[in-house]
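K.L.:
Pasting the sequence and the predicted model now:
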Amino acid sequence: MSTNPPNLRPDLAPAPIFDPTRRDSARSGQPTIGMVSLGCPKALVDSERILTRLRAEGYAISPDYAGADAVIVNTCGFLDSAKAESLEAIGEALRENGRVIVTGCLGAEPDYITGAHPRVLAVTGPHQYEQVLDAVHGAVPPSPDPFIDLLPASGVSLTPRHYSYLKISEGCNHKCKFCIIPDMRGRLVSRPVHAVLREAEKLVQNGVRELLVISQDTSAYGVDRKHDLHPWKGGEVRTHITDLARELGQLGAWVRLHYVYPYPHVRDLIPLMAEGLVLPYLDIPFQHAHPDVLKRMARPAAAARTLDEIARWRADCPDITLRSTFIVGYPGETEEEFQTLLDWLDEAQLDRVGCFKYENVAGARSNALPDHVPEEVKQDRWERFMEKAQAISEAKLAAKVGLRMEVIVDAIDEEGATCRTKADAPEIDGNLFIDEGFDGLAPGDIVTVEVEEAGEYDLWGRRVP
Ligand code: SF4
């Protein structure tokens, strides 16, 4: 049994990845949550998952009570002394902050807690981290910002236990003009590789079947640490995305990489996908294809020959699924530049595409650029872009009919099983539905199906042995 004093946030364990005396530089109005974690390593895993999830949803995490809109106390109820300590921690959080959500082992005895502290906002039991998130959403509503958050607003309600986000770094060293993340979150700070691996291992031991690697800039992982070496399983691992991905691939769960920027070393990840260690899925935000727009955006790798890279990835791993996001109507975008983007998309044939109409964000340098694009032009370009993207997605899905593939089950109801293929990230991509013969399936199961039908974004299939 171990305890964490309130100023040692479990998502920073074992070594702080941020200055613990500094709260996240919350944007104005950004909801902020504090966390006190008491108890055993299993409780710590839940605390880590809760914090990772909250950060991904756009919450700031405060290292102390004062800056938080609410505080989560993850309790321990194993021994009487631990119970007393938990009650004391709840009391302290109530005195210092006033808005307290209780979870963890002592949460199995809600009357014991509310008897002593009737003012707590919610009590949830051990490992009920979905319920904790619901309680947080109720107490401090999220304020989604599509330009900043790592998860879409639609993903804020419920997270099944069989997949988990794994945050590997915070902040970003780039200065894309439309983005205020570097101002808000600071420069890149990578977690030591063994800390990430240990968290991942614990998650898998606790039943997680899919790890979703997230950060602001996944391919830059470890740059700030000069790719230092850390001991792991009798050897040493570099703090580098290729090495991290390879090790994560040994843990026995699906590993999906998000927010990978198109740097040249991304090509080293492709063999890991071809080998089956990492899912053949790259979420790679290109944002645009015209070099002048990319330059005006101050994007990293603005001059990269992305079509050549894509062809190379596909040659090395023919099954690879490519997802990307784009901004249309960026200041100064001409019809010709937009047309270049459409032609590029025709050639790139990306599997999954998200598209934003450019918007000013308070504090972003792009606000001051000349020649902002009128709303109706943005709308028109967005529709033309999405029409093409949808046609590509539909054709790609139609080509899967008749194929056999593994799917992971996300949810079951009386109508069928909602699953995902390796090509579908949760909450942002499509689904594969099994309408018949789904008895006995449970969330987290990985089964083989034959695809029978395809729509614009989803597939339907039947189980096969
Ligand atoms: S790479 Fe650019 S868009 Fe992404 S977080 Fe950094 S500055 Fe923002």
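P.N.:
Received it, and whenever you're ready, just let me know what you need.
K.L.:
just the helices in the stretch 1-150 of the chain please.
P.N.:
Assigned by DSSP state H, counting those that start in this stretch, the stretch 1-150 of the chain shows helices spanning 41-56, 80-96, 110-116, 129-139.
K.L.:
Can you tell me what sits against the shortest one?
P.N.:
For helix 110-116, contacts defined as Cβ atoms under 8 Å, 6 or more residues apart in numbering pick out 75, 83, 87, 90-91, 102, 106-107, 120, 123. (Each C-beta comes from the backbone N, C-alpha and C, glycine too.)
K.L.:
And those, which is closest to the ligand?
P.N.:
Taking Cβ to the nearest ligand atom as the measure, the ligand sits nearest to Val102 out of the contacts of helix 110-116, at 34.4 Å.
K.L.:
Verify the contact between the closest one and Thr124 for me.
P.N.:
Yes - assessed by Cβ atoms under 8 Å, Val102 is found in contact with Thr124 at 7.3 Å.
K.L.:
which of these two has more neighbours?
P.N.:
More neighbours surround Val102 than the other of Val102 and Thr124, with 29 against 22 (other Cβ atoms under 10 Å).
K.L.:
Apart from its neighbours in sequence, what residue is nearest the more buried one?
P.N.:
In this structure, Val102 finds its nearest non-sequential neighbour in Val123, 4.7 Å apart by Cβ to Cβ, 6 or more residues apart in numbering.
K.L.:
Number of residues surrounding that neighbour?
P.N.:
When neighbours are defined as other Cβ under 10 Å, Val123 has 27 of them.
K.L.:
That one contacts Cys105, doesn't it?
P.N.:
No - with contact defined as Cβ under 8 Å, Val123 does not count as touching Cys105 (11.7 Å).
K.L.:
Which secondary structure elements does the longest helix seen in the chain sit against?
P.N.:
Secondary structure of the chain per DSSP state H: the longest helix is helix 375-398. With contacts taken as 3 or more Cβ pairs under 8 Å, 6 or more residues apart in numbering; DSSP states H and E, helix 375-398 sits against strand 321-328, helix 335-348, strand 352-357, strand 446-454.
K.L.:
can you redo these as JSON lines with distance to Ala395, mean neighbour count and mean pLDDT?
P.N.:
Below are the helices and strands packed on helix 375-398 laid out as JSON lines (distance: least, Cβ to Cβ, whole Å; neighbours: other Cβ atoms under 10 Å; pLDDT from 0 to 100):
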{"stretch": "strand 321-328", "distance to Ala395": "14", "mean neighbour count": "22", "mean pLDDT": "93"}
{"stretch": "helix 335-348", "distance to Ala395": "12", "mean neighbour count": "16", "mean pLDDT": "96"}
{"stretch": "strand 352-357", "distance to Ala395": "13", "mean neighbour count": "18", "mean pLDDT": "88"}
{"stretch": "strand 446-454", "distance to Ala395": "9", "mean neighbour count": "17", "mean pLDDT": "96"}
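K.L.:
Could you list the domains of the chain?
P.N.:
If you go by automatic domain parsing, the domain ranges for the chain are 2-139, 153-398, 404-463.
K.L.:
Flag every residue of the stretch 101-250 of the chain that's near the ligand.
P.N.:
With Cβ under 6 Å from any ligand atom as the criterion, the stretch 101-250 of the chain comes near the ligand at residues 172, 174-176, 179, 181-182, 216-217.
K.L.:
Let's see that with 5 Å instead.
P.N.:
Neighbours of the ligand within the stretch 101-250 of the chain, by Cβ under 5 Å from any ligand atom: 172, 174, 176, 179, 181, 216.
K.L.:
Now do the contacts for Val204.
P.N.:
With Cβ under 8 Å, 6+ apart, Val204 has these contacts: 211, 251-253.
K.L.:
can you pull out the strands in the stretch 151-300 of the chain?
P.N.:
Ranges of strands in the stretch 151-300 of the chain, per DSSP state E, counting those that start in this stretch, are 163-167, 169-170, 189-190, 210-214, 229-232, 235-238, 254-257, 281-283.
K.L.:
now Pro465: how far from the ligand?
P.N.:
Look at Pro465 and the ligand: by Cβ to the nearest ligand atom, to the nearest Å, they are 44 Å apart.
K.L.:
Quick check: bridge partners of the nearest residue to that residue once chain neighbours are set aside?
P.N.:
Distances taken as Cβ to Cβ, 6+ apart put Thr448 closest to Pro465, at 7.3 Å, once the chain neighbours are dropped. Under DSSP bridges, the beta-bridge partners of Thr448 are Glu406.
K.L.:
circling back to that earlier point, list of residues touching the longest helix of the chain?
P.N.:
Residues outside helix 375-398 that contact it (Cβ under 8 Å, 6+ apart): 326, 328-329, 333, 338, 341-342, 345-346, 349-353, 355, 357-358, 373, 430, 454-459.
K.L.:
just to revisit the earlier point, from the contacts of helix 110-116, list just the buried residues.
P.N.:
Neighbour-count burial within these applies to 75, 83, 87, 90, 102, 106-107, 120, 123; the criterion is 16 or more other Cβ atoms under 10 Å.
K.L.:
Show me which of the residues you listed is closest to Ala442.
P.N.:
Distances from Ala442 to those, taken as Cβ to Cβ, are shortest for Gly107 (24.1 Å).
K.L.:
is it true that that closest one touches Ala122?
P.N.:
No - counting by Cβ under 8 Å, Gly107 does not reach Ala122; the two are 9.2 Å apart.
K.L.:
on that earlier part again, nearest to the ligand, of the helices and strands packed on helix 375-398?
P.N.:
Across the helices and strands packed on helix 375-398, the ligand has its closest neighbour in strand 321-328 (9.8 Å, Cβ to the nearest ligand atom).
K.L.:
Which strands or helices does the closest one pack on?
P.N.:
strand 281-283, helix 335-348, strand 352-357, helix 375-398.
K.L.:
can you rerun that using 10 Å?
P.N.:
Packing partners of strand 321-328 (3 or more Cβ pairs under 10 Å, 6 or more residues apart in numbering; DSSP states H and E): strand 281-283, helix 291-297, helix 306-316, helix 335-348, strand 352-357, helix 375-398.
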